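> no letters, just coordinates:
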């Protein structure tokens, strides 16, 4: 594992090197500007100190070109830094299509991870080297913040909503995972680690933990146990929208809006069904707030996501 006292760990993700380049560029340019200001300041302090006989009246007219130069050049440099950093930041918002999706639930004071194939971990996350990883995260109680210094990624986890972050690791090892948002009396102990493994070792690790149903399979069980299949699939006496292929698609609402059926939309549809009613359907679905945990909701989302690749005739 990384040295816990290391002040600036080496970047271990593809995104990390961009963060370092931007950080050191900004630090270097800011330091240079600061140095120039101090040099000018001390020249004037020494030259025009009390008791020294030097001309103290303006000896030349105002030079607009000089003033414009020292204003525009720094402005253009810092605008360039802003554009550079903004482009890198936006690239972090959309994960690649082949990213491995891992569900993350934070609670006082632990990290819970759920892999698509069913493996679960607490305070430890195993991932393969070189594979894009997308974390779909939420909090069960208060605001937490997922922070891996060596990965140069930090993202808040907020109760009642999903946030995402993705990265691709560039070297194997064990890397510190911290909570970067004060979350209660044991905040400092909310620690973990990310274990980056060679792909073959990762597959062997998955095989050693087999025997549990996948998230989608567990979601299917919850779906049937709560009677959802009786309304949302064929033969139902209640007219409800089909969920086959709905994940990631656009959904027209009674309000006239069009939304994307992502994780947040599905979560709201389960807990706040009258918030975004699908056009052409009556708002008759009951709320499952208080009946389903965050883990159960994530399993349901995984199941609904899996329906994008099957025919409705194959659904239960």
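Structure's in. What do you need? The structure displayed is predicted, hence computed values, not measured ones.
> list the buried ones in the longest helix along the chain?
For the chain, the helix with the greatest residue count under DSSP state H is helix 14-47. Neighbour-count burial for helix 14-47 flags 15, 16, 18, 19, 22 (criterion: 16 or more other Cβ atoms under 10 Å). Any C-beta I mention is one placed from the backbone N, CA and C, and that applies to glycine too.
> and the very next helix or strand once past it, what's its mean pLDDT?
Downstream of helix 14-47, the next assigned helix or strand under DSSP states H and E is helix 64-91. Averaging pLDDT along helix 64-91 gives 87.
> same question, stretch 153-164
Mean pLDDT, computed over stretch 153-164, is 89.
> and if you look at stretch 232-249?
Averaged across stretch 232-249, the pLDDT comes to 74.
> end to end on it, go ahead and measure it.
In stretch 232-249, first residue to last residue: 16 Å (Cα to Cα, to the nearest Å).
> how about stretch 230-239?
One end of stretch 230-239 to the other measures 10 Å (Cα to Cα).
> Three-state assignment for the residue most central in space within the chain, please.
Compute the mean C-alpha point of the chain, and by Cα atoms, centre = their mean the closest residue is residue 165, 2.5 Å away. Following DSSP: H, G, I helix; E, B strand; the rest coil, the label given to residue 165 is strand.
> helices or strands up against the helix or strand hosting residue 259?
Assessed by DSSP H and E, residue 259 sits inside strand 258-260. Using 3 or more Cβ pairs under 8 Å, 6 or more residues apart in numbering; DSSP states H and E as the contact definition, the elements that strand 258-260 packs against are strand 250-252.
> any idea how far residue 215 is from residue 305?
Separation of residue 305 from residue 215 (Cβ to Cβ, to the nearest Å) stands at 9 Å.
> quick one, which of the two is more surrounded?
Each of residue 305 and residue 215 has its neighbours counted (other Cβ atoms under 10 Å); residue 215 has more, 27 against 22.
> may I have the phi/psi pair for the spatially closest residue to that one that is not a sequence neighbour?
Distance criterion Cβ to Cβ, 6 or more residues apart in numbering; nearest residue to residue 215, sequence neighbours excluded, is residue 302 at 3.8 Å. Main-chain torsions, residue 302, degrees, to the nearest 10: phi -60, psi -40.
> correct me, but residue 302 touches residue 216?
Yes. Between residue 302 and residue 216 there is a contact at 4.7 Å, judged by Cβ atoms under 8 Å.
> where do the contact lists of the two overlap?
Common neighbours of residue 302 and residue 216, counting by Cβ atoms under 8 Å, 6 or more residues apart in numbering, are residue 116.
> more crowded one of those two?
Each of residue 302 and residue 216 has its neighbours counted (other Cβ under 10 Å); residue 302 has more, 24 against 20.
> give me the neighbour count for residue 300.
26.
> wait, what's in contact with it?
219, 222, 223, 228, 266, 270, 292.
> return the set of buried residues in whichever strand or helix holds the first one.
The reference is to residue 219. Element membership of residue 219, judged by DSSP H and E, is helix 215-225. The neighbour-count check on helix 215-225 (16+ other Cβ under 10 Å) flags 215, 216, 218, 219, 220, 222, 223 as buried.
> correct me if wrong: the second one contacts residue 247.
No. When contacts are counted by Cβ under 8 Å, residue 216 is not listed as touching residue 247 (11.2 Å).
> who touches both of the two?
Common neighbours of residue 216 and residue 247 (criterion: Cβ under 8 Å, 6+ apart): residue 305.
> wait, a helix at residue 200?
Yes. Assigned with three-state DSSP, residue 200 falls within a helix.
> burial count for it?
When neighbours are counted by other Cβ under 10 Å, residue 200 registers 10.
> domain parsing for the protein?
If you go by automatic domain parsing, the domain ranges for the chain are 1-49+62-212, 215-314.
> kindly reformat those as JSON lines containing distance to residue 55.
Formatted as JSON lines, the domains of the chain follow (distance: least, Cβ to Cβ, whole Å):
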{"stretch": "domain 1-49+62-212", "distance to residue 55": "10"}
{"stretch": "domain 215-314", "distance to residue 55": "68"}
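> before we move on, the earlier item: who are the packing partners of the longest helix of the chain?
Secondary elements touching helix 14-47 (3+ Cβ pairs under 8 Å, 6+ apart): helix 64-91, strand 163-167.
> pick the most buried one from those.
Ranked by mean neighbour count, these are led by strand 163-167 with a mean of 21 (mean count of other Cβ atoms under 10 Å).
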